Every structure is written in structure tokens, then in C-alpha cells.
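Visitor: What follows is a predicted protein model with its sequence.
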Number of protein chains: 2
Amino acid sequence: MESITHKLRFLRDEMGPAEKRIANYILNNTGEMIALSISELAKCCGCGDATVVRLSRRLGLEGYQALKLRLASEMGASSSLGGEITREDSCYEIFKKQNAGVVESLKNTESVLDAEQLARVAELVMKSDRTVLFGLGNSAAIAQDAAHKLLRLGLSAQACCDNHMQAIIASHLKRGSVAIGISHSGASKDIVDALRLCKICGATTVCVTNYGESPIVSAADYALFTRSAETKYSILGLSSRYAQLALFDSIYSYIVMHSDKAAKQAIYNTETALQNKKY
Amino acid sequence: MESITHKLRFLRDEMGPAEKRIANYILNNTGEMIALSISELAKCCGCGDATVVRLSRRLGLEGYQALKLRLASEMGASSSLGGEITREDSCYEIFKKQNAGVVESLKNTESVLDAEQLARVAELVMKSDRTVLFGLGNSAAIAQDAAHKLLRLGLSAQACCDNHMQAIIASHLKRGSVAIGISHSGASKDIVDALRLCKICGATTVCVTNYGESPIVSAADYALFTRSAETKYSILGLSSRYAQLALFDSIYSYIVMHSDKAAKQAIYNTETALQNKKY
DNA sequence: ACCTCAAATGAAAATAATTTTCATTTATTG
DNA sequence: CAATAAATGAAAATTATTTTCATTTGAGGT
């Protein structure tokens, strides 16, 4: 299904001058146009009602109503632009603005993420003897969350968020282990060092980062990229954390989908065991 | 600007049976409904045209046309419906499908989150002597992430993800402290117990949960609700974690925006200190 | 049980919007 | 400079929406 805005622009060439005026008006005033009736729009463009209908038909639509609905729908889809956070914003407004940024980050990440690398990493983790996750500061919680999920699947997973421990663990890894380093900037010394050490010890190394040119990439056998929405307020890579989280969630779900009966039973057992912890 | 879907659900209580039928029909068949004329819709719901107009007015809209346009716009905004994850999906496809769920969760949460409670909690945290965050399992990483951010702001924050430690910390809190319990289900025994203890000791208690009727709400002075997208595959409250994360991010940003010069300098100093840890 | 009143409802009339028809205008080609 | 085809808008025809108003429904009082 092609976007009407796109079609409008594309088909403008084969329109007569009156239709072209309408097309331009719609493209420049989509928001207001949606509130206009067909004759109001026609008057705005100095043309007859029938021409508006013809334009709608040219776009492959039923009529003017259909055009308005489609435009409204497309407007809605792209109207979640957050705008900048100001001192006057309430916390709730900040919440909404940030969410727009999060959505954008997820979308961006969809476009930079290499499907093949992701698939390989998922397989790798699923089949590895042991998976360790390194993160510090901002990325520590992500590492922990990912490890927690893998543990629920019965895998041998471990998050390590202490740079000394990272060095220790790294130096004892063996072939068959997977080490995943998480760093938004890709330049976190300790993480990069740990990953290099892992590689020397024979483990397969993976990095999750926002920047393609960063030191961590050269230390990794596989690189998974996120792309956070560039906004002024995100001093920390606030919104890249969501993409990282989503990335590990997809690996988690992939493994769930490909686990055998016994493994599924184990997952179920975990759930049951946790029921006792609840009211 | 409030979502029409949300308003529909909310105002259903004060509608007569005929209007209620229409509301339900719209909520269950939004997509098809948009293509219907007013009398077609009326017939589908076994009621008169006028009732449809009345419903539109009740929602604060001009009329039926306006209702259709708004619904189309909202549909567009949420039309990235992910569909169910299957065994055949690649990891990348899973990633995309899950993201759609995440977006939905964030939107849902926007509509259930109480702006006033959120504002109060943000102020509370900003001014508290000490903030402790309790989370276990799935919510542990969220607690840790939130604590990490507050620490960067120079606040006295602490995540506690061990049920014994939680009890210990809780029993030593004083007036002026804020305790935040995070539990998707709202039924996690240890968290609820810890929160109750905090309250007894004079601390202000806050809960973050997905369910309004859960035990944790009664243990909290302030309740912040998330609403995850209900999907079959999310065995764990996978997508509610994103909403929780966003919630704490908004509090973080709010505090950043309202901190004085000295505090901003401190934040900046943190950033500089961390530069040494990078290549 | 019966009445009263207010709210809710739908049929039909009134209005408004959209679509079609068709005569006129405008551009293009030989 | 015709001759023709394409483009256009006014008005008619159609369709959709909104308003009006008589009827129904149901709650609360006697």
C-alpha cells in the first residue's frame, strides 16, 4: 500500500493546472485540508468541486471522503514527533515527548540492524555453553535484564557489571562461550578490553553499540547496531537503551520459538516456581 | 489531546444501551467502521442515525465525519500492528513485530498514566533525602537503571534487588525517604511486604505496576500505572518494561530540567569523569 | 401496581456534502 | 486556423449527515 502523499507528488506531472493546484494545496496544508468540505477546498484552489473528485479518483480512491480518511490516517502515523523538552513541560508531557523519541529509535534501529548478523547471534547464544554479558553504567541494566531472560530459558547466562570481574571472567572463557559487550558509545575502555581478552581466549565476541566506527566493533566477531533518535536532551544515550532492550528481547523470543519440548517445560516450570512468590 | 478510543471506553459507563452498542462496535471493528456511512453503521448496531451523531457529540466532536477522521488518524498512528510471532519468523522479523507491541504499550501507558500522580512523584523524588527502588526478577533491571540515573543527578538513590536486603533497608527508612516498588503483576510478595514496611517506618511509598487491582497499590501512597499491549507471546510482561523505563526516564528528565546551576554542574562533572573511562 | 417525569431513542424531515452530468473552455496537432 | 481531445466548472442528481420531534423506556415516588 503506497502512501497518498507520495502518489500525489508522483502523479502531479500528469495533471492539468487546476488539479495541480489542488495537489499542491493538499501537500502544503494537509492538516487544515482535512477539516475542509469539498467545496471549501475547491474554492481555496479556485476550481470546481468536480476537479477535486477527479483528483481523488486519479489517486485510485473512491472519492473525496476516502481521500480525507487516508490523509488523516497518514497524518496520524507521522504525527508523533516529540518536539523538544522544555523547563515548562510537566512530567507527563516529558513522558510523551520522550516516547516519540523512543519510537523513532526503534524504527531507526530496524533500518540499521543487520538481519543476518542478528540471526547468527541468536543461534550462537542458543547453542553456546555459556553466555556472558558485559555492561557498565548505562548499559549495566541492559546486560542484567538480558541475562535474566536467558536464565529463564535455562541457558547458562551471566551479566557482569564490574570491570575487575569482567577481566577475570573474560580471561577464563573458552571456545564455545559467547561474550556480548554492550556500550552505547562503543568506546567504553573496560568493555572493549574485556571483549578483546575474550577473543584471545577463544570465545566468540559480539558487540551492541550505536556507532559503527567505534573501537568495540573491531573487538567483536559480530556487531549489532542500534540507532537512537538524535535529540538534544538525550545527554546520556537515553533512547538507545530501548533499542538494546528490544534487541535482546527479540533474541529471547527467537530462542523460545526454537526450543524443544523439554526446554519449554523448563520455562513453564520457572513460571510455576515464581507463582509462589506472589500473593 | 486525548485519544478517542480511550474516551470511548471511558464514557461507555454513562451511555444508554444503544449508544453502548455503537461504542462497542467501533472499538471492536475500528478498521471496517471507517468505511461505513452513518446509516450503515446505525443499521449494524440496530439503532438510528441520530444515536450515532449523539455518540460523536458526547465524545466532544463536531459529528460523525469528525469521528471517522479522528479514528482514521488514530488507526494510522497505531497501524504498525505486529501480528503474532511464529516459529518461522526470523529474529529480525521478531524484532519488528515486538517493536510494534512496544509502541502500543507506550501509547497505552500514556492513556492510563495519571499526570498528576506522576508530577507528584517526580517532585517527591527530587526533594527526598533518599530514594530506594525495589525490584525482583523482571523488574530488577528497571530498578537498577532508574537508580543509576538518579545517582547521576547527585541524588541519594539505591536499587535493591535482594529480598532480604529489601527488608533490611525498608525497616530503616525514615520520614523524608521515598520507596518505589516495581512489579508488573503488582503481586510480588517481597516487594509488597517491603513497601508496607517502608510505610510503617514513615517513608513515602510509590508503586509502579500494570494492574490497578493489585495488592501493591494498597501498600503505596502513590500509584503509577503502565499498560502493556496484551499479546499472546508476552509470557513475561515483556513490553511493560519499556513503559516502566520510559516512566523513570521522564522523572529523570523532569529533575534535570528543574535542577539549579550547581546541580547541572554536578551532572556535567559526572559526564567529564566518565570520559576518562573511554577510548 | 400505577403514575410521573426525565432520559434515551429512532423515523422522518431538513440540511449539507458529494458525485455525476454535461456544456463550455482551453490547449494541441495537423 | 480548423478539428479534436483533454480539462474544467456549474448545476443537477445523488447520497450522507444532522436536526427535529414524537414515541418509547425505565427509574423513582405514591
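Guide: Structure received. Numbers count the residues shown, from 1 in each chain, chains lettered A, B, ... in the order given.

Visitor: which residues in chain A form helices?
Guide: Under the criterion DSSP state H, helices of chain A are mapped to A:4-11, A:17-28, A:30-33, A:38-44, A:49-58, A:64-77, A:91-112, A:115-127, A:140-152, A:163-171, A:189-200, A:215-218, A:240-257, A:261-275.

Visitor: Quick check: the residue most central in space within chain A vs DNA strand D, distance?
Guide: Nearest to the geometric centre of chain A sits A:L106, at 1.7 Å (Cα atoms, centre = their mean). Note on A:L106: its distance to DNA strand D, by Cβ to the nearest atom of the strand, to the nearest Å, is 36 Å. Where you see a C-beta, it was placed from the backbone N, CA and C, and this is true even at glycine.

Visitor: Would you check how far apart the residue lying closest to that residue once chain neighbours are set aside and A:Y254 are?
Guide: The shortest distance from A:L106 to any non-neighbouring residue, by Cβ to Cβ, 6 or more residues apart in numbering or on different chains, is to B:N99 (4.6 Å). To A:Y254, B:N99 is 14 Å away according to Cβ to Cβ, to the nearest Å.

Visitor: ok, now A:G31?
Guide: Distance of A:G31 to A:Y254, computed by Cβ to Cβ: 41 Å.

Visitor: now do A:E40
Guide: Taking Cβ to Cβ, one finds A:E40 at 52 Å from A:Y254.

Visitor: Those two - which one has more neighbours?
Guide: In this view A:E40 and A:Y254 are compared by other Cβ atoms under 10 Å in any protein chain shown, and A:Y254 has more residues nearby, 26 against 12.

Visitor: thought that one was touching A:A122?
Guide: Yes - between A:Y254 and A:A122 there is a contact at 4.5 Å, judged by Cβ atoms under 8 Å.

Visitor: I'd like the distance from stretch A:161-180 to the chain centre, please.
Guide: Its chain's average C-alpha position is 28 Å from that of stretch A:161-180, according to Cα atoms, centre = their mean, to the nearest Å.

Visitor: Could you tell me the end-to-end distance of that stretch?
Guide: 12 Å (Cα to Cα, to the nearest Å).

Visitor: now swap in stretch A:15-34 and tell me
Guide: Span of stretch A:15-34 from end to end, Cα to Cα: 21 Å.

Visitor: What's the mean pLDDT across it?
Guide: Taken as a whole, stretch A:15-34 has an average pLDDT of 86.

Visitor: what residues does the stretch 1-150 of chain A put near DNA strand C?
Guide: Residues of the stretch 1-150 of chain A lying near DNA strand C by Cβ under 7 Å from any atom of the strand: A:37-39, A:49-50, A:52-53, A:56, A:62-66, A:68.

Visitor: Of the residues you listed, which ones also sit close to chain B?
Guide: Filtering these for proximity to chain B (criterion: Cβ under 8 Å from any Cβ of the partner chain) leaves A:K68.

Visitor: picking up where we left off before, just the pLDDT at the residue nearest to the centre of chain A, thanks.
Guide: Here the pLDDT value assigned to A:L106 is 90.

Visitor: That one contacts A:Q244, correct?
Guide: No - contact criterion Cβ under 8 Å: A:L106 and A:Q244 do not qualify, at 10.8 Å.

Visitor: and the residue of the stretch 101-250 of chain A nearest DNA strand C?
Guide: DNA strand C sits closest to A:V103 of the stretch 101-250 of chain A, with a gap of 31.5 Å, by Cβ to the nearest atom of the strand.

Visitor: Which strand residues bridge the nearest residue to A:L224 once chain neighbours are set aside?
Guide: Leaving aside its sequence neighbours, A:L224 sits nearest to A:V208 (Cβ to Cβ, 6+ apart; 4.9 Å). Beta-bridge pairing of A:V208, defined through DSSP bridges, involves A:I182, A:L224.

Visitor: and for A:Y254 and A:A122, which residues touch both?
Guide: By Cβ atoms under 8 Å, 6 or more residues apart in numbering or on different chains, A:Y254 and A:A122 have these common neighbours: B:C91.

Visitor: distance of A:S177 from A:A157?
Guide: The spacing between A:S177 and A:A157, counted by Cβ to Cβ, is 11 Å.

Visitor: Whichever residue of the stretch 51-200 of chain A sits closest to DNA strand D: neighbour count?
Guide: Per Cβ to the nearest atom of the strand, A:T51 is where the stretch 51-200 of chain A lies closest to DNA strand D, at 3.7 Å. Applying other Cβ under 10 Å, we find 20 other residues in the vicinity of A:T51.

Visitor: give me every residue that touches it.
Guide: Residues in contact with A:T51 (Cβ under 8 Å, 6+ apart) are A:18-19, A:22, A:42, A:45.

Visitor: Please identify which of the residues you listed is nearest to A:T272.
Guide: A:I22 (63.2 Å; Cβ to Cβ).

Visitor: Please look at the closest one and A:L55 and confirm they touch.
Guide: Yes - assessed by Cβ under 8 Å, A:I22 is found in contact with A:L55 at 5.2 Å.

Visitor: So for the two, which residue has more residues nearby?
Guide: Comparing A:I22 with A:L55 by other Cβ under 10 Å, the one with more neighbours is A:L55, at 26 against 23.

Visitor: Please tell me how far the more buried one sits from chain B.
Guide: To chain B, A:L55 is 19 Å away according to Cβ to the nearest Cβ, to the nearest Å.

Visitor: check contacts around that residue.
Guide: A:15, A:19, A:22-23, A:67.

Visitor: what's the spacing between the closest residue to DNA strand C within the stretch 51-200 of chain A and B:Q65?
Guide: Residue nearest to DNA strand C within the stretch 51-200 of chain A (Cβ to the nearest atom of the strand): A:G63, separated by 2.1 Å. The spacing between A:G63 and B:Q65, counted by Cβ to Cβ, is 14 Å.

Visitor: Repeat that for A:A170.
Guide: Applying Cβ to Cβ, the value for A:A170 to B:Q65 is 64 Å.

Visitor: which of the two has more neighbours?
Guide: Taking other Cβ under 10 Å, A:A170 and B:Q65 do not tie; A:A170 has more neighbours (25 against 16).

Visitor: Please tell me I have it right and the more buried one contacts A:C198.
Guide: Yes - A:A170 is within contact range of A:C198, at 4.7 Å (criterion: Cβ under 8 Å).

Visitor: shared neighbours, the two?
Guide: Shared contacts of A:A170 and A:C198, defined by Cβ under 8 Å, 6+ apart, are found at A:132, A:179.

Visitor: Distance-wise, check the residue of chain A most remote from its centre relative to B:A223.
Guide: Most distant residue from the mean C-alpha position of chain A: A:G48, 45.5 Å away (Cα atoms, centre = their mean). According to Cβ to Cβ, A:G48 and B:A223 sit 58 Å apart.

Visitor: Distance from the helix or strand bottoming out on mean pLDDT in chain A to the middle of the chain?
Guide: Using mean pLDDT, DSSP states H and E, the weakest-scoring helix or strand in chain A turns out to be helix A:261-275, at a mean of 80. Distance of helix A:261-275 from its chain centroid, counting by Cα atoms, centre = their mean, is 29 Å.

Visitor: And chain B, is that helix touching that?
Guide: Yes - judged by Cβ under 8 Å from any Cβ, helix A:261-275 and chain B are in contact via A:267, A:271, A:274.

Visitor: neighbours around A:Y242, how many?
Guide: Neighbour count of A:Y242, defined by other Cβ under 10 Å: 29.
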